[in-house]
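**Q** sequence and predicted structure below; questions after.
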Amino acid sequence: MLALSIVLIPMTAAIVSLVLGKMSSRRVRDYFAVAAALITFAVTLLLIPGVRNGPIHFKLWEMFGISGMAISVNVDGLSLFMSCLISFMGFLAALYSLAYMGKEENLNFYYFLMLVFIGSMNGAVIAGDLASFFLFWEIMTISSFLLVIFNGSLEARKAGIKYFIMTASGSLLMLLSIGALYAATGTMSIPVLISQGIGMNSWLIHLVLLLFLIGLGIKAGIVPLHTWLPDAYPAAPSPISSLMSGVMIKVGIYMILRVLCQIFSVTVSWNLVVCFLGVLTILIGVIFAMVQHDAKRLLAFHSISQIGYIILGIGIGTTLGIGGALFHVINHAFFKGLLFLCIGAVIYRTGERNLDKLGGLAKVMPITFVTCLVASLSISGVPPFNGFASKWIIYQALIEKGGFLHMMFLAAAMFGSALTLASFLKLIHTVFLGGGSGAKVHPRGGEVSWMMSLPMVVLAGLCIVLGVFAFQVPLKCFVSPVLLAMNYQPLSTFAGFFNPMLAAGLLILGLAAGLVIYLLGNLKSARTDMPYVGGEILDDEVMSGITAEHFYDTIKEVEPFAYLYEREEAGRLDLYQTTMGGVRNTSRFVFERIEQSVDKLYAGLIRAGEYLVRELRKIHSGILPSYIYWVLVGLVILVFLLMR
Amino acid sequence: MNVLLPLFIGAPLGCGFVIYLAFRNRDDKADWIANVCMMYLAAASLWSIKSLSAYGVLTYRMGGYAAPVGINLVLDGFSLLLLIIINVAGFLAAIYSVNYMERFTAKAKYYVMFLLMVAGMNGVVLTGDLFNLYVFLEIASISSYVLVGFGCEREQFEASFKYMVLGIVASAFILVGISLMYAATGVLSMVHLSDIAAQGNVSGCFMLAGAFFLMGFGLKAALVPFHAWLPDAHPSAPAPISAMLSGVLIKAIGIYCILRIFFNMFAMTPMVPFIFMMLGTASMVVGALLATGQWDYKRLLAYSSISQMGYVMLGAGVGARVIASGGPAHVATLAVLGALFHLINHAGFKSLLFLTSGAVEFSTGTRDLRKMEGVSQRMPVTAAAATAGSLAISGVPPFSGFWSKLFIVVACLQAGYNFLAFIAIGVSIVTLAYFLKVQKYAFFGGRKEGFEKIKEVPGLMCFPMIVLAVMCLAMGLLAVSPLREAILEPAVKVLTKQM
């Protein structure tokens, strides 16, 4: 029952908060929602000792008395891992919402949806059968869709509809393959499926797996199914963006793990395909991230890119790969969640998310700046932060696997990491440091309140702790138990493992040395001058700072990138737009060629009818003698017919 | 029980004379007498359902003389159906007249002619011999000539004159036809004639008479090509009279006589049903096409009546054809049932539509569809009633017209006349089209300038419309068990006696 309560508590609290919002004050409702999220997190933690002794599994209801169709709960290491993450991030997002959402309209509905969203994500990961997984998956989709369109602007509604159409079509594919799986195995129960295992012995099974992966991949944002992400994240309120990016897409990852590593005994070629998709996702995501100048859109592309690392780890399929992927799931949740919260803080103060219009915020919002810097370094894989640790393990897995293809993947992944750093240099520069010369928006007030900065500081601290004490804390406490539960080896010793504590110590030492040199040296009398290139002083535009828009202009012109950007801007890389364009063209064709010719036929019929009516009216002249002639002619015909 | 029969003729006739002699200038008294009389007739006709099912065919001998010499009144299932139509529709039209006829002078004289027409029609459907049928036919016709011209304006006199000339031509040929029958057989009693027909000897004299009857009664029923008088005459009459003419008169002295004579007094040959079907199809198509081109509400309704009578003739023709060719009995029964069902349905919805046209004219002063707009906003009852009537006549389920048309179409298909079924459906679509035109122009749309002050018509005019609108829905029930056995089945049995 305790397991069930992590779904029931937020769901019930959602309804209660709706009632509270109507009956009592806003404050009470807000604090109630946050408390509910906190309690959910606490209850999730309480589950840990139970799951340590083995997975919790029980049936709730035998559906229609059909065996294998029972509604059941299954909490094993992986489920618990996910739901801890969900509940924790959910709590932080709720806390952050208190201040961030402030006095917006319709907040009853917002908190209601948010709690339903958290509950449904928990439900999806503890579902013991595919049917109830699908149910919660859909609740999750719908509630997040409603949250994306929450502010009601045209842009948000467009993004929301795109998101909904894409994920709903993915869900349908998934439903199809769930049905096929049930038909093939006679059960929906996830533990039973895992213990049976499904061999890849017919093309139909391959197809089922493919449909499953497409359905999940749309939600997880795997290239080329990622295109809803960059639209939906900016449209959603920041805490929701952080939840969606931090945990919701991970629910997709969770099921991919279940499907790919546990239920199906996938073949090597599947592993390679998944690895390839992972690398593609890393590169495409980051390449497009580099040229964005909407802060949240930029982060959305980075989410895609980071999901690529996770997919790559899953694709490798070894203990190290899965371990790295799981570790990166935690890390990404933290640093990406943190990034969205930081950008949210910036938006909260400036009302602007266009990088061109921001700049110089470091002095005004020091906490935001520092936490954002930590998150940026983490996501870029700079030691000793957590992003480096998990990426390093994934690299290790690739090296351990060996072979030409994996080495290529390794090179691409590392290249992606470098580009990530480049991209975040731009973000930090334009938002917090100099920024461009464009119209600056001046922040209203200084640093954000503690309710907003607390989640940021906590997450930044976690980014450091999880990086520096990678082996002692996250790998030992979180990842290894999950790996054990998934019947993999625990992460113990492997070649070339780096000691993050030593690295951190050395880094601190290096920094300290640098400081000492700076303080002792004769750098005080430094000469300042205009920057120049090749003897020419740079022009004023460059001097006044490079805007976000022009930051990576040169990359835009390099050939393979130029090709991609050009097509991206034309929307031709967007699967959604291509499909929708196809639908539009088909319907236009049907309209123009078929519908209109049918219309012409109707028009012709109507003209013929009108002609007939006109002629008939003409002969009804109202002249009595002619009427009498008709009667007589009619009589003659009748006599002829009858007397024949 | 039998004694009630002469009262169907005697009561309206007597009341008419009383009004003329005593209350010629007392409109309020005339209102009361005519309405009480019509209420009695409506109640009596409904009461007859019970007596008919109890006693079978009712016969009344005037003065006690037997068939060849005396005058007989016969009430069988078919007569009863018409009796109900005439008297119930007549009662509702009479109620409607109380307020509507205020606009005309000489309301008392109007009631005299109204009651005379009802007496004539009741006589036509009740009489047991052909000569009296002619006499009552003339009573009904002549009073209808007068009523068409009741407005005393130029077009009304013209319409009335045309109607009268063509009507008299028809009557003359009917009289000749009756004479020929008498010459051929020596009797005029319907019972005897049907006995003779049962023996199956058909002389040339008979057939010539048949041609004259078809032309004469076909003209009274306004079948194409004998329809030319109707689009002038029906719109010219006051609205309750239009309702009576279109809803009742063309059935009582047209369709009823054709069916009665050809089904019961002629040995069925394949040619007669063929002519029925041709007349029916031509009426259906031409009437519907002409209706689409009309802008005068009442004229549109008049053309629509021609079209709907086509359906009745088509159903009867298919039934007769199946009887003549010895086809399956259930198909013939279905076809005739469909025809009679449509007959009674048409009486309901066409009376209703003419009453609504009268209500619109009463309030707005115009019948031109182009000059009215958004009437529904000010006259909700009228608009709702007109919508019900339009849906019923267009054959939209679950309104009554749908079921009767369905029977006719199914009977056509079962009898193998797929093309005719197709035409029947097509005409139904055209019907829907021109009633959508009525709805669009007259009732919906924005409010027209100068219509701000229009009001819903008084209660006594609303009442018949509401009753008929409800009946548009409720008469679908005539197709199911208790009502079907009580009202439609006996009439069908009378017509399919030859099977």
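**A** Ah, there it is.

**Q** tell me the contacts of A:Leu398?
**A** With contacts defined as Cβ atoms under 8 Å, 6 or more residues apart in numbering or on different chains, A:Leu398 is in contact with A:Leu312, A:Ile316, A:Gly321, A:His406, A:Met407, A:Phe409, A:Leu410, A:Ala413. Using the backbone N, CA and C atoms, a C-beta is placed for each residue, glycine as well.

**Q** residues in contact with B:Ser171?
**A** Going by Cβ under 8 Å, 6+ apart, B:Ser171 touches B:Tyr134, B:Leu137, B:Glu138, B:Ser141, B:Gly216.

**Q** the fourth one: which element?
**A** Okay, so that is B:Ser141. helix B:130-148 (DSSP states H and E).

**Q** next one: the last one
**A** Using DSSP H and E, B:Gly216 sits in helix B:204-220.

**Q** packing partners for the helix holding B:Ser141?
**A** helix B:107-126, helix B:154-185, helix B:230-236, helix B:239-244 (3 or more Cβ pairs under 8 Å, 6 or more residues apart in numbering or on different chains; DSSP states H and E).

**Q** flag every buried residue along whatever helix or strand comes next after the longest one.
**A** Read that as helix B:154-185. Of the helices and strands lying after helix B:154-185 in sequence (DSSP H and E), the nearest is helix B:190-199. Under the neighbour-count criterion of 16 or more other Cβ atoms under 10 Å in any protein chain shown, helix B:190-199 has B:Met190, B:Val191, B:His192, B:Leu193, B:Ser194, B:Ile196, B:Ala197 buried.

**Q** I'd like to know which elements helix B:190-199 is packed against.
**A** Against helix B:190-199 (3+ Cβ pairs under 8 Å, 6+ apart) you get helix B:154-185, helix B:256-264.

**Q** so who does the residue of the stretch 251-400 of chain B found nearest chain A touch?
**A** Taking Cβ to the nearest Cβ as the measure, the stretch 251-400 of chain B has B:Gly293 as its residue closest to chain A, at 4.1 Å. B:Gly293 sits next to A:Glu610, A:Val613, A:Arg614, A:Leu616, A:Arg617 when contact means Cβ under 8 Å, 6+ apart.

**Q** mind listing what residue 137 touches?
**A** No chain was given, so I picked chain A. Contacts of A:Trp137 by Cβ under 8 Å, 6+ apart are A:Ser120, A:Ala124, A:Ser171, A:Met174, A:Lys219, A:Val251.

**Q** that's the other chain; I wanted chain B
**A** B:Gly120, B:Val124, B:Ser171, B:Ile174, B:Lys220, B:Ile253, B:Cys257.

**Q** correct me if wrong: the first one contacts B:Ser141.
**A** So the one you mean is B:Gly120. Yes - at 7.4 Å, B:Gly120 counts as touching B:Ser141 under the criterion of Cβ atoms under 8 Å.

**Q** I'd assumed B:Met265 was in contact with B:Phe206.
**A** No - B:Phe206 lies out of contact with B:Met265 (Cβ under 8 Å); the separation is 9.1 Å.
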